[in-house]
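**Q** Got a sequence here, can you model it:
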Amino acid sequence: MEPISPPLWTPSDTTAIPNKEDFVNARQAIGLLERVINERLELIERTQREVEALRNDLYSRKAWIAPIRRIPTDILSLVFAFHNKVQWDAPFVDRLVCRLWRETVLNTPMAWSHLRLDGLSQNQLLLWYNRCGEVDLHIATRHPFKPSLLERHRQIRTLDLINVHGDLEFILRGDFERLVDLRITVDEWRSCTRRTEQSGLLDVRRFPQLTSLYIDSPCESICKEIPTSTVATFPPLQHLHLSNPAGPDWIKMINCCSGSLRTLRIDLNSDSCGQSDQKKLEIKLPMLRRFTYTINWVFGYQPDSGQPRQPPVVFRTPVLEIYEEERTYPYAYRGHPVHPSTLLHDDVSNVRAIHIGGISIPACVLRSEKLEILSVSAAHILDTGARIFREQDACPNLRVLRISEDTGPSIPKATYEKVEMLINLRNQRSSKGPEDYLVFDLEKRYETNHPESKPHVQGDIDMAAKTAHSRAFTGY
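**A** Presented below is the predicted three-dimensional model:
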């Protein structure tokens, strides 16, 4: 730092009281210090501006040689299209990066193919429609639904309707020639009344390519509106997911597309289940490969027997390969113990992989000769291992036994070791080679500090396992 010139006046005795001459000298020194400080501050500010200019120049030079500038615009278009798929408003962000990106985004229709109508103003929506051209659209929107939804209904490939209540007929009145995937979430807290006595909202003549349908919490009127009067006029769905449908009419939807379904998931509660002695409808699903049943039995037990109510339908699945079942239930209902031990769907003779949660392993599973993968809840892993070891003919081709990932709690170390021992004993008496041995597929997620002497430790696992949620349905 350069010294201050001229040198500052300094009192000879700082403890003395200043006289008249000292006041004059002190004020001159103070004024000089203030001027020097201001000069230094101006110098710092000027230097900061110069550094900022140099930094901007550095950034621009680095950006000029950045690898992203060497990527062709057709590759950039693919990146922007994927970004729009992940985040619907991505075009508004990508076009602000640089001139090249702006030009590329504006001239890439696929970068505008995913949108949420309720997140756009009318002017933005017009801009969006102009940019997307004639490409397939993937639209999500919630109530209240804009009339502009129907302006491009012939281009819509996937449609996600959120909070539907009473206006489904208005939304689906157009011809959705390209629609493949339809998802409907019903607002349970609003009234959902039918507007017409005619059924068949999903007519194959207006939905010729529809193969996937998901409906969450449909009220009874919607369950009546969607199926057509004949199977021939209903779209040949390949994937169907019904979550908490009301009334018995959800069965008609399955019956209308029974010949084409590949994957089916049904999430039911007690309101959708009938009495144990009720006559059941039989539906054959000749193409079904994957079937998932999740049942909430909290309020669904017969007070006299303690057994769950059963869905009023029986499915026949000759080529089924994967079956998953999750149930939640109380320990007892009105003083009666609850002991569910049968599958809701017992046609599992050809199944290669089974996931069971909330019940003990049924006999029909142990008799399966084609079963290769068995996944059970932590609450029933020890019982399952014991039965597989005890019954020599149980699951002869079983390759993997695992604890379902969604059960959550760690199992006691002793339980893990017992199951592992039972599996090893079964392999030792088996005539198969080591490459065909049964594997206990589980990371060591047991509790190392679990008190081994604590009685009824399995009951602790039961409590946690019974509150577990069902697995995500990967077929959608």
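
**Q** Compute the number of surrounding residues for Asn163.
**A** Counted with other Cβ atoms under 10 Å, residues neighbouring Asn163 total 18. All C-beta atoms are positioned from the backbone trio N, CA, C, and that covers glycine.

**Q** which SSE is it in?
**A** Element membership of Asn163, judged by DSSP states H and E, is strand 156-164.

**Q** do Leu237 as well
**A** Short version, using DSSP H and E: Leu237 is in no helix or strand.

**Q** Quick check: the nearest residue to it once chain neighbours are set aside vs Ile388, distance?
**A** Nearest residue to Leu237, sequence neighbours excluded (Cβ to Cβ, 6 or more residues apart in numbering): Cys257, at 4.0 Å. Using Cβ to Cβ, to the nearest Å, Cys257 is found at 37 Å from Ile388.

**Q** Isn't Asn296 up against Ile266?
**A** No: look at Asn296 against Ile266 with Cβ atoms under 8 Å: they stay out of range, at 11.8 Å.

**Q** quick one, which of the two is more surrounded?
**A** Neighbours per residue, other Cβ under 10 Å: of Asn296 and Ile266, the larger number sits with Ile266, 24 against 19.

**Q** List the contacts of that one.
**A** Counting by Cβ atoms under 8 Å, 6 or more residues apart in numbering, Ile266 touches 242, 250, 292-294, 311.

**Q** Please flag which of those sit within helices.
**A** Trp250 (DSSP state H).

**Q** Now neighbour count too, for the contacts of Ile266, in TSV please.
**A** Converted to TSV, the contacts of Ile266 look like this (neighbours: other Cβ atoms under 10 Å):
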residue	neighbour count
Leu242	22
Trp250	26
Thr292	23
Tyr293	20
Thr294	23
Pro311	22
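
**Q** Looking at the contacts of Ile266, which one is closest to Asn107?
**A** Lowest distance from Asn107 to the contacts of Ile266 (Cβ to Cβ) belongs to Leu242, with 41.9 Å.

**Q** Okay, and the beta partners of the closest one?
**A** Beta bridges link Leu242 to Ile215, Ile266 when assigned by DSSP bridges.

**Q** Wait, it touches Arg265, no?
**A** Yes: assessed by Cβ under 8 Å, Leu242 is found in contact with Arg265 at 7.3 Å.

**Q** for Asn38, helix, strand, or coil?
**A** helix (DSSP: H, G, I helix; E, B strand; the rest coil).

**Q** out of everything not next to it in sequence, what's closest to Leu8?
**A** Ala29 (4.7 Å).

**Q** does the one you found sit in a helix, a strand or a coil?
**A** Going by three-state DSSP: Ala29 is helix.

**Q** Ok, Pro227 next?
**A** coil.

**Q** can you count the residues close to it?
**A** By the measure other Cβ under 10 Å, the count of residues near Pro227 is 23.

**Q** swap in Gly357?
**A** Per other Cβ under 10 Å, the neighbour tally for Gly357 reads 25.

**Q** Against Ser260, how distant is it?
**A** 28 Å.

**Q** Identify the residues contacting Leu150.
**A** By Cβ under 8 Å, 6+ apart, the neighbours of Leu150 are 171, 173-174.

**Q** from those residues, which is closest to Ala379?
**A** Ile171 (43.8 Å).

**Q** Packing partners of the host helix or strand of Phe82?
**A** For Phe82, the enclosing helix or strand under DSSP H and E is helix 73-86. Based on contacts counted as 3 or more Cβ pairs under 8 Å, 6 or more residues apart in numbering; DSSP states H and E, the elements that helix 73-86 packs against are helix 90-94, helix 99-106.

**Q** most packed of the ones you listed?
**A** helix 90-94 (a mean of 19; mean count of other Cβ atoms under 10 Å).

**Q** Quick one: list the elements packing against it.
**A** By 3+ Cβ pairs under 8 Å, 6+ apart, helix 90-94 packs against helix 73-86, helix 99-106.

**Q** Out of those, flag the one nearest Thr415.
**A** Closest among the helices and strands packed on helix 90-94, using Cβ to Cβ: helix 73-86, at 41.7 Å.

**Q** what's next to the closest one, contact-wise?
**A** So helix 73-86 is contacted by 90-91, 94, 100-101, 104-105, 107-108, 110-114, 138 (Cβ under 8 Å, 6+ apart).

**Q** nearest to Glu34, of those?
**A** Trp101 (50.1 Å).

**Q** Phe176 versus the closest one, what's the distance?
**A** Taken as Cβ to Cβ, the span from Trp101 to Phe176 is 33 Å.

**Q** same question, Leu366
**A** Going from Leu366 to Phe176 by Cβ to Cβ gives 47 Å.

**Q** more neighbours, the two?
**A** Using other Cβ under 10 Å as the criterion, Leu366 and Phe176 rank with Phe176 on top: 23 against 17.

**Q** Show the pLDDT at the more buried one.
**A** At Phe176, the model reports a pLDDT of 87.

**Q** And it, how far from Thr158?
**A** The value you get for Phe176 to Thr158, if Cβ to Cβ is used, is 10 Å.

**Q** Repeat that for Glu39.
**A** 66 Å.

**Q** Quick check on these two: which one has the bigger neighbour count.
**A** Thr158 (18 against 10).

**Q** bridging residues for that one?
**A** Counting by DSSP bridges, the residues bridging with Thr158 are His138, Asp181.

**Q** Does it touch His138 like I think?
**A** Yes: at 4.4 Å, Thr158 counts as touching His138 under the criterion of Cβ under 8 Å.

**Q** May I see the contacts of Leu150 organised as CSV, with distance to Lys62 added?
**A** Formatted as CSV, the contacts of Leu150 follow (distance: Cβ to Cβ, whole Å):
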residue, distance to Lys62
Ile171, 50
Arg173, 55
Gly174, 51
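
**Q** Which ones among the residues you listed map onto helices?
**A** Ile171.

**Q** out of the contacts of Leu150, which is most surrounded?
**A** Ile171 (18 neighbours).

**Q** So it sits against Leu161, correct?
**A** Yes: contact criterion Cβ under 8 Å: Ile171 and Leu161 qualify, at 6.3 Å.

**Q** Just give me how far stretch 77-91 sits from the chain centre.
**A** 20 Å (Cα atoms, centre = their mean, to the nearest Å).

**Q** contacting residues for Met287?
**A** 259-262, 319.
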